[in-house]
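Chemist: Sharing a sequence plus its predicted fold:
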Amino acid sequence: MTRSLHPLATLPAGWRTRFAPAPTGYLHLGHVVNAVYVWGLARAFGGQVLLRMEDHDRTRARPEYERGILDDLDWLGLVPDIGDTASFRAGPHPQRQSDNAARYEAALGQLDRAGLVYACDCSRRDMAQEVPDVFGEEMCYTGRCRARGVDKSAVKARRVVMSPGTERFDDLRLGPQAQEPEDQCGDLLVRDRLGQWTYQVAVVVDDMAQGVDVVIRGEDLLPSTGRQIRLGRLLGRGRPPLFLHHPLILKPDGSKLSKSAGDTGIRELRAGGATAASVLGQAAAMAGLVDPGRGLPADELASLFVDT
Ligand SMILES: [Zn+2]
């Protein structure tokens, strides 16, 4: 696509996107495919890349994974414009979710004052009794606790009411989309029974607070988009970010790359003698953006997305 025709070329220079790994494991080729899109599109169309650590899941996130991710980004030559790797190593950071609980607390308070929040004491078993729990399929919450008046001091889990209504957006790759959060997921869990902030609320609050204009991520998150647009609007975001969902890269057997990083982990590829350019080239080839076998230095990622 030529530079002038891409929708991202119409944004004011300095628009922001983000690379937002969860430090619940080390980087693997699936993350690098996402990074190729994020850095490539930002460099091609005048955007900036913000680095965020999505460690809201405190039961799975580990500091050593974060350190490993930062080391791999440095090695790959993927330099964020906002939040460099050294600033994350230095200590508390405005773009690390576990350092910013107050931000999510404030958002919950805002929604609560609007009468949109209730406590939920459902177990997964409670929910499965009302709707079938089909493996691999999203479980739609029935609203069981909405009218039960569960004591907020007794349980930590909170849900936000998703009223009926369609959310429409134009995905930059997939075109016009329409999603109905109430039918898809029901009232949205924003804090779980352990008191942890959920992905949905953390990412929406962060994208607002950090001025993210464009969300570039894998297609597996496409179903979350409508509810995130809705949550953002409930929190006062006037215009949602633009979304681009790229194809998810699967292993030849159809499994997700993250299931076994032994052959796709960046640390393993490094240890095996790969160069950064060969790893970026491999990721770009897996995404179908270049022919296999070509090395691709980080400073050439923009060339994947513009005709020069
Ligand atoms: Zn409930």
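Modeler: Happy to help now that I have it.
Chemist: Give me the contact list for the lowest-mean-pLDDT helix or strand in the chain.
Modeler: When each helix and strand of the chain is scored by mean pLDDT, DSSP states H and E, helix 124-130 comes last, with a mean of 75. Outside helix 124-130, the residues within contact range by C-beta atoms under 8 Å, 6 or more residues apart in numbering are Asp133, Met139, Tyr141, Thr142, Arg144. From N, CA and C alone the C-beta is placed, and that goes for glycine too.
Chemist: cool, and stretch 80-92?
Modeler: By C-beta under 8 Å, 6+ apart, stretch 80-92 touches 16, 19, 42, 48-53, 66-67, 70, 73-74, 93-96, 99, 210.
Chemist: in that stretch, what counts as buried?
Modeler: Buried residues in stretch 80-92, counted by 16 or more other C-beta atoms under 10 Å: Pro80, Asp81, Ile82, Gly83, Thr85, Ser87, Phe88.
Chemist: Any chance of those residues in a markdown table with secondary structure, pLDDT and distance to the ion as columns?
Modeler: Below are these laid out as a markdown table (DSSP: H, G, I helix; E, B strand; the rest coil; pLDDT from 0 to 100; distance: C-beta to the ion, whole Å):
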| residue | secondary structure | pLDDT | distance to the ion |
| --- | --- | --- | --- |
| Pro80 | coil | 98 | 39 |
| Asp81 | coil | 98 | 42 |
| Ile82 | strand | 98 | 38 |
| Gly83 | coil | 98 | 36 |
| Thr85 | helix | 98 | 41 |
| Ser87 | helix | 98 | 40 |
| Phe88 | helix | 98 | 36 |
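Chemist: Farthest-apart pair in those, please.
Modeler: Largest separation among the buried residues of stretch 80-92 by C-beta to C-beta: Asp81 and Phe88, giving 14.0 Å.
Chemist: which residues sit in contact with the closest residue to Ser163 other than its chain neighbours?
Modeler: Once flanking residues are discounted, Ser163 sits nearest to Glu182: 6.5 Å by C-beta to C-beta, 6 or more residues apart in numbering. By C-beta under 8 Å, 6+ apart, the contact list for Glu182 reads Met162, Ser163, Pro164, Gly165.
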